[in-house]
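A.B. asks: Model the following, please.
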Amino acid sequence: MTRNSKTKDLVLMGVMTAIIFIMGLTPIGYVKTGTLSVALITIPVAIAAYALGPVGGTLAGLSFGITSAIMAFTQPDLTMVALTSISAFKVAALCLVPRILVGFCAGMVAKLVKTLRVPSPVGGALTGFSVAFLNTVFFMSSLVGLFGNSDYVKDMKGEKNLILFIIAVVTVNVVIEWVSSTVITSAVAGALTKARLISTPAKRAEA
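C.D. replies: Residues are numbered from 1 along each chain as shown. Predicted structure coming up:
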């Protein structure tokens with residue numbers, strides 16, 4: 001990697017981190033219309049993961065987790081109030097761990113699609129979907145893993161096993177999050193690649 005490429009990567013990481021904090025700590029990251037509440041903060045995480053791979057994705061996921069933890073303790077919804085009364089430490093872990101894993105896994109997806117030379121819009125779409133989808137799966141799994149024995153989560157979960165519990169939370173809101181993350185990340189990945197702001201694998205020399 002050249003010095004110029006490293007500089008571009010650092011600048012892009014800084015921009016994505018700033019966007020994540022702005023979105024995570026303001027209403028911009030969560031669009032609420034009537035009964036709909038759609039999280040858009042996964043999009044800059046997906047862009048960082050596609051542009052910068054596992055390291056960038058992990059750092060972006062960490063930033064996402066930090067903003068989630070801040071909001072959980074400073075502006076909690078009813079669920080976070082109930083969970084914090086059980087264990088503040090577990091709430092911090094619930095906010096951080098799934099998001100870090102999401103960023104890392106999305107970065108691995110991005111690394112794979114680049115290695116396979118998948119066109120950037122398609123690779124961006126796959127990365128964007130993986131972030132939104134895995135965020136749902138990892139968060140709900142962590143919720144059950146950390147608070148599964150509490151009466152609050154038992155009442156939420158009912159008699160469902162983990163898979164059925166996750167499926168039950170896939171509402172219109174969640175589907176919109178998946179679609180928006182997929183479409184927007186695809187468009188941004190294509191644009192950044194054309195602008196040469198994303199490094200792509202060098203072409204193999206012909207025999």
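
A.B. asks: just checking, what packs against the longest helix along the chain?
C.D. replies: What stands out as the longest helix in the chain, according to DSSP state H, is helix 42-74. With contacts taken as 3 or more Cβ pairs under 8 Å, 6 or more residues apart in numbering; DSSP states H and E, helix 42-74 sits against helix 3-24, helix 78-86, helix 88-115, helix 120-147, helix 172-194. (Glycine included, C-beta is placed from N, CA and C.)

A.B. asks: One more pass at 6 Å, please.
C.D. replies: For helix 42-74, the elements it packs on are helix 3-24, helix 88-115, helix 120-147, helix 172-194, judged by 3 or more Cβ pairs under 6 Å, 6 or more residues apart in numbering; DSSP states H and E.

A.B. asks: Pull out the buried residues from that helix.
C.D. replies: 42-54, 56-69, 71-72 (16 or more other Cβ atoms under 10 Å).

A.B. asks: again with stretch 89-102
C.D. replies: Buried residues in stretch 89-102, defined by neighbour count with 16+ other Cβ under 10 Å: 90-102.

A.B. asks: what sits up against it?
C.D. replies: With Cβ atoms under 6 Å, 6 or more residues apart in numbering as the test, stretch 89-102 has contacts from 61-62, 64-65, 68-69, 72, 83-84, 131, 134-135, 138-139, 142, 146.

A.B. asks: quick one: it to chain centroid distance?
C.D. replies: The chain centre lies 12 Å from the centre of stretch 89-102; the measure is Cα atoms, centre = their mean, to the nearest Å.
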